[in-house]
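> A structural model of the following input is requested.
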Amino acid sequence: MDDATTSNDIRLREGSSIAQRLVMSGFAAAVALCFTPGLFTHDTLEVIISVVALLLGAAFVGGIMLAPAVVWIITPDEILIGQQRPFGKLRTRIVTRDDVTGLQVPGSKRAKARFQLAFTLASGERLTSPPISDVTHVRETVARIAEQFGVPNVEAPVNPLDASNPEMHLGEPLEPFSARDIRIVALTAVAMSAVPYAYKLWRGLSPGPVDIMLLPIGAIAAFAVHRYANLVTGAFWIIRQGDIRVERLWGDGKPRTDYIEGRDVKTITVERRGRSEDEHCIVVIRTHSGQRFRSPRIGSRLEARAVGTEIVRRLGIAPENNQI
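Have a look, this model is predicted:
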């Protein structure tokens, strides 16, 4: 999934490797197989649940294994498109320069800094490329392709992570939760913990140890929500030439600002924070003082590497500290 440049060629890739597919399929199959004992019971509901779980697991495994891998190679004169499924033949297509009449760069609804190339052909067909993984040079890449194919009036995409911006923005500006919302969540936590206890009393039953234990847990949860709710709002990074401004909130909603300069950085790495390397990778900066700063979610590992590389350049980080 790299739009690396070989001479004048731009390569775009999409699709998981066979190893990644096998891992995800194995996990899905293992979860589905956990429901197989229900098939041998005499409980109709358990049998239905087991059958549904196995069918869903099989569909998930099939979807993972049959999804195609797509490669685009964009040269100055043509676009070579290759598509292959794990158990199928490689299908290729060539789109010449004269076939292209329009170019747009639609963004992604899921990821703010993910862009694809949408070519309009003379026949009226619309072809959409895999995502551009070097998210820090989207404008440059689009301008270059538009010039190569002679497409006029291509609108430059709004890209908060473009290296041409004086400031690169990761995440969204932060706002604290309203006091009303915090009170509602806190009261809900108390009410939910008190429901089992109140229900037992209403039925004339004696509350059990679990019912009694839930009462202080609900009170602790309400206190934690009231005191620390704003800590989960995340962070907003402003990457400038020479430093990074990291904006966060304290638990009471007051703003907190940290600055990271090149001399402060011990290591900079890309890590996965979630289920998928295609959607949930971030940049992690460790400082000499022991602090660890995790960026807002960026996207795929290659997109996160592109951002990390630009951070290294802007902060002037020494090569030995760069583990991108």
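
> ranges for the helices of the chain?
Secondary structure of the chain (DSSP state H): helices located at 18-33, 44-66, 138-149, 179-202, 209-228, 301-315.

> Report the angle between the shortest one and helix 301-315.
Following axes from the mean of the first three to the mean of the last three C-alpha atoms, to 10 degrees, one obtains 110 degrees for the angle between helix 138-149 and helix 301-315.

> Check the second one too.
Between the axis of helix 44-66 and that of helix 301-315 there is an angle of 60 degrees, by the same axes, to 10 degrees.

> Figure out how far helix 44-66 is from the centre of its chain.
In this view, helix 44-66 has its centroid 26 Å away from the chain centroid, taken as C-alpha atoms, centre = their mean, to the nearest Å.

> just the helices of the chain: most buried one?
helix 301-315 (a mean of 22; mean count of other C-beta atoms under 10 Å). Backbone N, C-alpha and C define where each C-beta goes, glycine included.

> And that helix, what does it pack against?
strand 168-170, strand 236-239, strand 243-249, strand 265-272, strand 281-287 (3 or more C-beta pairs under 8 Å, 6 or more residues apart in numbering; DSSP states H and E).

> just to revisit the earlier point, can you lay out the helices of the chain as CSV showing distance to residue 155 and mean pLDDT?
As requested, the helices of the chain are exported to CSV (distance: least, C-beta to C-beta, whole Å; pLDDT from 0 to 100):
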stretch, distance to residue 155, mean pLDDT
helix 18-33, 35, 69
helix 44-66, 34, 77
helix 138-149, 9, 90
helix 179-202, 38, 89
helix 209-228, 43, 88
helix 301-315, 22, 91
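
> Nearest to residue 167, out of these?
With C-beta to C-beta, the closest approach to residue 167 among the helices of the chain belongs to helix 301-315: 10.1 Å.

> Not counting the closest one itself, show me its contacts.
Helix 301-315 is contacted from outside by 1-2, 113-114, 131, 133-137, 161, 163, 168, 170, 239-244, 260-262, 265, 268-270, 272, 277-278, 281-283, 285, 295, 298, 317, 322, 324, using C-beta atoms under 8 Å, 6 or more residues apart in numbering.

> Give me the angle between that helix and strand 281-287.
Going by the same axes, to 10 degrees, helix 301-315 makes 30 degrees with strand 281-287.

> As CSV, could you dump the C-alpha coordinates of helix 301-315?
Provided in CSV are the C-alpha atoms of helix 301-315 (Å, rounded to 0.1, in the frame of the first residue of the first chain):
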residue,chain,number,x,y,z
ARG,A,301,0.6,2.1,9.0
LEU,A,302,2.0,3.6,5.9
GLU,A,303,0.0,6.8,6.4
ALA,A,304,1.2,7.0,9.9
ARG,A,305,4.8,6.5,8.7
ALA,A,306,4.4,9.3,6.3
VAL,A,307,3.3,11.6,9.1
GLY,A,308,6.1,10.4,11.3
THR,A,309,8.7,11.1,8.6
GLU,A,310,7.4,14.6,8.3
ILE,A,311,7.6,15.1,12.1
VAL,A,312,11.2,13.8,12.0
ARG,A,313,12.0,16.4,9.3
ARG,A,314,10.3,19.3,11.0
LEU,A,315,11.8,18.6,14.4
